[in-house]
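Asker: Sequence and predicted structure are below.
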Amino acid sequence: MYGDEKRSGLIIYSAVFVALITVGGWISIPFFVPFTLQTLFILLAASVMKKYAVIPTALYVLFGTFGLPLFHNGTSGIGILLGPTGGFLIGFIPMAFIAGLFFSKKSMSLDITGLCLATVVCYAFGVVWFMISAGATLWAALITCVIPFIAGDIIKIAAAELVTLRLRKSETLVYD
């Protein structure tokens with residue numbers, strides 16, 4: 001009579017996290033590669049939705065690629081995906097999946113391991129694509145795309161874990 005509550009929750013959380021990831025892209029500190037809050041919201045989606053966090057993340061990338069102004073600073077289109085930051089956008093998808101898998105284990109040490117591994121995977125996608133699209137060396141790509149952002153990503157990882165611990169304490173996580 002009421003329908004499928006899990007599916008309804010999945011749709012609602014997906015819409016919320018697509019919106020949050022989009023807002024995170026609008027909040028940016030300009031560098032050659034923009035420093036945004038997108039990854040924080042992807043990690044939070046993984047905290048709440050577990051492996052299903054791949055759904056809003058993939059929808060975000062798909063919608064932005066098809067022209068909705070969702071990417072950083074309202075950009076969109078295949079050109080952004082094929083540009084120097086496109087690898088990071090694609091890397092968001094495995095990032096969400098990996099973090100979600102680790103969050104499903106409900107262990108703080110595994111959470112942090114998963115968050116770090118997910119971030120490294122996103123870095124790997126971004127660095128490889130930056131090297132291809134910009135013709136950069138590995139060292140140049142690391143200096144440009146990784147090293148300036150490590151401190152910020154550590155803060156985002158800590159924030160995501162703190163929010164997760166708070167949600168677990170209040171028992172509001174839906175996909176346990």
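Answerer: Thanks, I have the structure now.

Asker: tell me which residues of the helix ranked longest in the chain are tucked away?
Answerer: Ranked by residue count and defined by DSSP state H, the top helix of the chain is helix 108-134. Buried positions in helix 108-134, judged by neighbour count with 16 or more other Cβ atoms under 10 Å: 111-112, 114-116, 118-119, 121-123, 125-131. All C-beta spots, glycine's among them, are computed from the backbone N, C-alpha and C.

Asker: could you say what helices and strands that helix packs with?
Answerer: Of the remaining helices and strands, those touching helix 108-134 by 3 or more Cβ pairs under 8 Å, 6 or more residues apart in numbering; DSSP states H and E are helix 38-49, helix 86-103, helix 138-145, helix 150-170.

Asker: mean pLDDT for those: which is lowest?
Answerer: Per-stretch mean pLDDT for those is lowest at helix 150-170 (a mean of 89).

Asker: Which other helices and strands does that helix contact?
Answerer: helix 38-49, helix 108-134.

Asker: any idea of the angle that helix forms with helix 38-49?
Answerer: The directions of helix 150-170 and helix 38-49 differ by 20 degrees, with axes from the mean of the first three to the mean of the last three Cα atoms, to 10 degrees as the criterion.

Asker: now the angle between helix 86-103 and helix 150-170, please.
Answerer: Going by the same axes, to 10 degrees, helix 150-170 makes 30 degrees with helix 86-103.

Asker: Okay, buried residues for helix 150-170 please.
Answerer: When neighbours are counted by 16+ other Cβ under 10 Å, the buried residues of helix 150-170 are found to be 153, 156-157, 160-161, 164, 168.

Asker: same deal with stretch 59-68?
Answerer: By neighbour count on 16+ other Cβ under 10 Å, the buried set for stretch 59-68 is 59-61, 63-65.

Asker: Specify which member of those is nearest to Ile93.
Answerer: Distance to Ile93 across the buried residues of stretch 59-68 (Cβ to Cβ) is lowest for Val61, with 6.4 Å.

Asker: For that closest one, pull up the helix or strand it's in.
Answerer: According to DSSP states H and E, Val61 maps onto helix 54-65.

Asker: what's the closest non-adjacent residue to Leu20?
Answerer: Ranked by Cβ to Cβ, 6 or more residues apart in numbering and with sequence neighbours excluded, the top spatial neighbour of Leu20 is Phe41, at 4.2 Å.

Asker: again with Ser104
Answerer: The spatial neighbour of Ser104 that comes closest, neighbours along the chain excluded (Cβ to Cβ, 6+ apart), is Lys50 at 4.5 Å.

Asker: gap between that neighbour and Leu10?
Answerer: The gap separating Lys50 from Leu10 is 11 Å, by Cβ to Cβ, to the nearest Å.
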